[in-house]
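>>> sequence first, then the predicted structure:
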Amino acid sequence: METPDEDIASPDAPSDASTDPAVHDGLVKRSIKRIGADQRRLYLAPFEAHNIKWDLITLVGTGALLAADRHIENNVSHANFSTYQAISDFALGGLAGSLAGVYIYGFKTEHRHARETGEIELETLVNTFLIYTPMQLIFARQRPDEGNNHGNFFKHHAVNTSFPGGHAMFTWAMASVLADEYPKPWARVLSYGAAFTVTFTRFMARDHWSSDMFLGTALGLAIAENTFHARCNPEFESQCKHHKWWWKPMKTDVQ
């Protein structure tokens, strides 16, 4: 048998980057640095002048629904819980599975656009989790079927609480990145349709109050838009090269 030239890597051989601890440590440090920069940018974003109008819409909408939560909940059917939850799980699984498929396709085929979609999705989900978790612990709101059924705050000291709505927050974040990366009508209908389905069915299953889902939707969209426009590559056929009219153009990071 011929000995393969040491300078020519076998197609099936692992690359040096995947086995070199220094490269791995560099990737970890870079990821932590990126997430830290994301968090700083996200927490400062509400105080930027061009976002004040969106802050007001979110605050007024959340406040109005907080005042109306009990009235709305009293008029929601208490039947078909399992059906609504099954529909929600199916829509969430379909959206998450589609995104996982896009990322695997990009990783296996070196398709740069698909790979960017997966990477920005992961970064967006991490950013969402790091904002969602402290809010859950701080507000500690009871779900519609907990306690005295009034949705009291500062009572349920755990991560799995009602405010803000986690299903809405995470699904709208995922859907927004997918719709921005592939701004085609069919992609937007499917992604936003899945997010709306999850939000609506979780509310109808009485897992959350209406204000929980409204704020969760707003936060998910805001986090996704902010992360996408900061990290996307304008070379691709995505929303990156056409910043939405309501979004202040920012310098992109394509490293």
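On my side now, so go ahead.

>>> got the phi and psi for residue 236?
Per-residue torsions, residue 236: phi -90, psi 160 (degrees, to the nearest 10).

>>> now the residue lying closest to residue 224 once chain neighbours are set aside: which helix or strand?
Leaving aside its chain neighbours, residue 224 sits nearest to residue 176 (3.6 Å; criterion: CB to CB, 6 or more residues apart in numbering). Backbone N, C-alpha and C define where each C-beta goes, glycine included. Applying DSSP states H and E as the criterion places residue 176 in helix 166-181.

>>> go on, residue 226?
Counting by DSSP H and E, residue 226 is found in helix 210-231.

>>> packing partners for that helix?
In terms of contacts (3 or more CB pairs under 8 Å, 6 or more residues apart in numbering; DSSP states H and E), helix 210-231 is packed against helix 21-44, helix 52-74, helix 112-139, helix 166-181, helix 185-204.

>>> could you give the angle of the longest one to helix 166-181?
The directions of helix 112-139 and helix 166-181 differ by 150 degrees, with axes from the mean of the first three to the mean of the last three CA atoms, to 10 degrees as the criterion.

>>> on that earlier part again, want to try CSV for the helices and strands packed on helix 210-231, with distance to residue 232 and mean pLDDT as columns?
Shown next, in CSV, are the helices and strands packed on helix 210-231 (distance: least, CB to CB, whole Å; pLDDT from 0 to 100):
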stretch, distance to residue 232, mean pLDDT
helix 21-44, 13, 81
helix 52-74, 20, 95
helix 112-139, 7, 93
helix 166-181, 7, 94
helix 185-204, 15, 94
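
>>> most tightly surrounded among those?
helix 166-181 (a mean of 26; mean count of other CB atoms under 10 Å).

>>> what's that one packed up against?
Partner elements for helix 166-181 (3+ CB pairs under 8 Å, 6+ apart): helix 81-109, helix 112-139, helix 185-204, helix 210-231.

>>> re earlier: same question for the helix holding residue 226, mean pLDDT?
Averaged across helix 210-231, the pLDDT comes to 95.

>>> give the burial count for the residue nearest to residue 232 when sequence neighbours are not counted, as a bare number.
Leaving aside its chain neighbours, residue 232 sits nearest to residue 240 (3.6 Å; criterion: CB to CB, 6+ apart). Residue 240: 21 surrounding residues under other CB atoms under 10 Å.
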